[in-house]
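Trainee: 3D model of this:
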Amino acid sequence: MSLGRRKLDFESTYAKFLTGVQHLFAPQPQQKPATASENGTTTENDENTGAALGHPTLSGVEMYHLVYQMCIARPRPMHEDLFLKLAGFLHAHTAAVTSRIAHSPTPLETYAREWVLYTSGAQGLNVVCECLNKAMTAPLRGAPVAAATPAALGGLADRRPLVRDSTYRRQSVQSLAYVQWRDVVVRPLVANLVARVKEVVRADREGVDGPDMACRDFGLSLVTLQAQISHATMTMYVAEYESAYIVELCAYYGAESERYLRELSMSDFLKMAEQRLDQERLRSARYLHPASLDKIAFECHVQYLTNHKDAIRNAFRVMLDNNQSSDLGLAYRLMQRIPNGVAELTGSYERYVTDEGLKLLMPDPKTTVPSLATLHTTLVTQTSDLFSGDPKFTAAMDRAYRSVNNSTTPPSNLPRGLAQVADHVLRRVAKVSDADAEAALAGVLTLFVYVDDKDVFHRHYARLLARRLILRSGGNDELEYAALTRMKAVCGAEYTSKLSRMFSDVGVSAELGAGFRESSSGGADIVESSGGAQLDLAPLVLTAGSWPMSHVNTPALAGVPDAIAKSAERFTGYYTTKHSGRKLFWMWHLCRVDIRYVARDKKRYEINMALFQWAVLALFNEPVATSASKGESLTRAQITQAIGASESDTARTIDSLVEAGLLAMDSSSSATDPSVTLNPTFESKRAKIRLVLNLGAGGGGDADDAATRAAVEEDRKLYVQATMVRLLKAHRVIDHNQLVALVIEQSRARFKPSVALIKRCIEVLMDRGYMEREPGGVERYIYIA
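Mentor: Numbers count the residues shown, from 1 in each chain. Okay, the predicted model is just below:
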């Protein structure tokens with residue numbers, strides 16, 4: 001076999017070569033296209049190469065050699081003649097294929113079969129025409145991409161040179177084959193084939209099976225054609241196949257969803273929507289290129305969900321009211337598929353939570369707080385189970401709860417109520433299980449997060465905490481510290497600093513008391529009264545400024561019983577030796593005493609009472625009574641003079657003892673100055689009795705609430721002013737709107753200041769010379785150092 005250049009008879013050589021080409025494109029069973037190795041020969045072994053190419057007498061090597069000889073023939077190469085001959089053959093062959101497809105009763109299946117045969121033949125032909133491809137594409141090497149690359153449908157014009165006077169451009173044989181298939185087969189038949197695909201898909205949607213794989217092969221053939229012809233691989237597929245599929249899909253599902261919405265309930269509509277969307281997702285994978293699946297899903301969601309989002313949103317509220325859990329979860333899963341779909345539902349969810357919360361606002365905080373906490377727990381579970389813990393639903397619930405907890409219609413003092421419920425839980429912790437107490441306290445602290453007026457809560461909580469610590473009525477220090485930890489996490493360390501110091505004072509006081517008792521003779525501070533009473537003092541030293549009380553304007557008690565007065569005097573001396581420069585003020589109205597009371601029937605009782613109550617009761621103590629003998633009564637004026645208290649405090653003390661049954665009103669006394677005496681018939685079912693007496697500030701009631709509100713308002717003014725000064729020092733010159741925004745932001749952890757309050761504080765600071773307005777009428781402030 002000669003490899004040199006020599007003269008050839010082109011017609012006879014081509015005729016011989018054509019027999020092999022025809023067999024490549026003939027419908028042979030088990031046909032295999034040949035593939036080339038690096039040296040230009042086929043990868044099959046020498047005995048089987050010809051059979052693999054489908055010609056019993058002309059092997060692949062022989063076909064390759066014939067092409068090589070024609071491309072280097074003398075006196076001139078015949079590669080252009082061979083290229084034009086092959087172009088004519090491919091044109092005639094594709095025209096015959098077009099006729100067979102057009103007249104076939106099953107055009108899609110016929111197209112798919114012909115396409116497989118044609119691509120196999122084109123690949124085999126491209127292998128044996130390697131030399132021809134090099135010769136035809138050599139002038140294109142190094143040319144600009146736009147010149148060497150044909151444009152896609154609708155793109156730039158193809159600027160590759162033509163071969164002689166023909167309509168064929170210079171390109172590889174495989175590219176030529178695909179161009180012929182596109183121009184001769186696809187373009188004349190694409191409209192009919194796409195129409196047939198629409199019919200098959202519509203029948204499939206209605207449950208009738210069809211040639212889905214043939215439809216998919218037709219669509220993917222457009223992708224392959226474009227990939228072999230140009231770099232724009234999807235333009236023909238998108239323009240001819242995908243767009244028609246989407247148009248048909250929109251028309252079909254648009255009408256179907258409208259019909260289902262009219263005929264079905266919303267619950268059934270959503271179930272049908274989920275079913276149809278899932279079916280179409282699987283169907284589109286059988287008919288379309290993977291790149292089209294997201295577009296198809298989007299259009300399906302538009303027809304079934306986006307176009308009906310208003311109806312779904314309205315029905316979502318009804319589902320919430322009726323607690324239709326399965327439908328709520330389904331609505332969320334579906335609306336999650338469309339842009340801003342979840343936002344449509346969160347609006348309804350926020351309004352629902354707000355309405356449900358407002359229904360629970362009652363005058364009694366012991367009813368309101370547990371109900372709101374229980375609702376919150378239910379909503380958190382609902383958000384987690386039905387809405388997959390979606391942050392948008394959590395944010396909607398938070399906004400609703402913030403609105404409810406700070407609602408003024410109906411008016412509710414929830415900060416005070418939360419403090420009272422927390423106090424109730426922490427005082428009764430010994431009467432319930434630890435789990436129940438922790439759950440109740442957790443509910444209170446959860447609602448605390450949503451309260452804007454956290455400073456109001458702090459005022460009431462501090463007052464009640466002080467009472468628990470002083471009266472030792474708290475049952476679990478771990479819960480107390482857990483509450484402080486949660487408040488600190490929400491509002492910062494400054495918020496709980498005074499509360500923490502209150503606990504520190506209690507601990508320090510315990511150490512002081514132990515030291516005081518050790519310093520006393522006998523290891524305890526025991527004072528003997530004339531009646532043989534013994535006193536064990538347990539002092540509690542409170543740091544001024546940390547506790548919500550002051551020694552100023554405290555109820556006076558001049559007639560402190562001798563046993564207590566002497567012990568208090570000795571502790572004062574002991575404390576002074578330990579801490580020089582400090583001064584103690586005894587707050588008698590907060591003191592409690594434990595006494596043993598022996599009734600006339602010799603029955604013994606242990607009574608815990610306020611010091612004021614003991615001061616009154618001691619006047620009737622038989623061994624030491626000076627103003628009254630056994631059974632004698634005393635008037636209120638006499639008692640007031642004896643104990644040295646105010647008339648109002650004395651009256652409240654006497655009334656508490658009468659109500660407890662320890663004293664009795666003397667029926668023969670004057671109405672203007674009634675007398676009381678010991679109740680000789682006093683008895684109780686309990687051996688241990690606790691009497692309550694609230695004197696001074698913090699005793700509760702409307703007056704105390706008014707004082708608390710006034711104190712809060714004053715604290716807010718000072719806090720805002722201090723915040724402004726810090727901001728002015730940092731910025732030196734600051735815009736009015738910026739100052740207002742920063743003050744609100746930095747005060748958010750304690751309260752939400754109004755703009756009116758901020759403006760008043762600005763005027764105060766300007767009057768005091770801390771700041772001034774910038775000259776020129778601009779709303780800017782300058783810090784005055």
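Trainee: need phi/psi at residue 606.
Mentor: Phi and psi for residue 606, reported as degrees, to the nearest 10, are phi -110, psi 120.
Trainee: look up the closest residue to it, ignoring the ones flanking it.
Mentor: Distances taken as CB to CB, 6 or more residues apart in numbering place residue 688 nearest to residue 606, at 4.9 Å, with adjacent residues excluded. For glycine as for every other residue, the C-beta is placed from the backbone atoms N, C-alpha and C.
Trainee: go on, residue 454?
Mentor: Distances taken as CB to CB, 6+ apart place residue 750 nearest to residue 454, at 5.3 Å, with adjacent residues excluded.
Trainee: so the one you found, which of the three states?
Mentor: Assigned by DSSP: H, G, I helix; E, B strand; the rest coil, the conformation of residue 750 is coil.
Trainee: who touches it in this structure?
Mentor: Taking CB atoms under 8 Å, 6 or more residues apart in numbering, we find residue 750 in contact with 454-455, 458, 491, 495, 719.
Trainee: can you rerun that using 7 Å?
Mentor: By CB atoms under 7 Å, 6 or more residues apart in numbering, the contact list for residue 750 reads 454-455, 491, 495, 719.
Trainee: among the residues you listed, which lie within helices?
Mentor: Judged by DSSP state H, the subset of the contacts of residue 750 located in helices is 454-455, 491, 495, 719.
Trainee: let me have those in CSV, extended by distance to residue 183, neighbour count and pLDDT.
Mentor: Listed next are these as CSV, based on distance: CB to CB, whole Å; neighbours: other CB atoms under 10 Å; pLDDT from 0 to 100:
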residue, distance to residue 183, neighbour count, pLDDT
454, 78, 22, 90
455, 82, 21, 89
491, 76, 19, 89
495, 80, 19, 90
719, 82, 18, 92
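Trainee: quick one on the thing from earlier: count of neighbours near the residue nearest to residue 606?
Mentor: Residue 688 has 10 neighbours, counted by other CB atoms under 10 Å.
Trainee: do you know how far it is from residue 591?
Mentor: Distance from residue 688 to residue 591, counting by CB to CB, to the nearest Å: 19 Å.
Trainee: quick one, strands of this protein?
Mentor: Using DSSP state E, the strands of the chain run over 592-598, 604-610, 634-635, 663-665, 675-678, 688-690, 733-735, 771-773, 780-783.
Trainee: lowest-confidence helix or strand of this protein?
Mentor: helix 49-52 (a mean of 40; mean pLDDT, DSSP states H and E).
Trainee: just send the contacts of residue 750 back as a markdown table, with distance to residue 502 too.
Mentor: Shown next, in a markdown table, are those (distance: CB to CB, whole Å):
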| residue | distance to residue 502 |
| --- | --- |
| 454 | 18 |
| 455 | 17 |
| 491 | 16 |
| 495 | 13 |
| 719 | 20 |
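Trainee: for the residues you listed, which two are the farthest from each other?
Mentor: For these, the maximum inter-member distance is 12.6 Å, found between 491 and 719 (CB to CB).
Trainee: in the stretch 451-600 of the chain, which ranges drop under the pLDDT threshold?
Mentor: 521-534, 551-553 (pLDDT under 70).
Trainee: swap the cut-off to 80 and go again
Mentor: The stretch 451-600 of the chain contains residues with pLDDT under 80 at 474-476, 520-536, 550-554, 556-557, 600.
Trainee: could you pull out the helices in the stretch 401-550 of the chain for me?
Mentor: In the stretch 401-550 of the chain, the segments counted as helices under DSSP state H, counting those that start in this stretch are 414-427, 434-449, 454-471, 477-491, 493-519.
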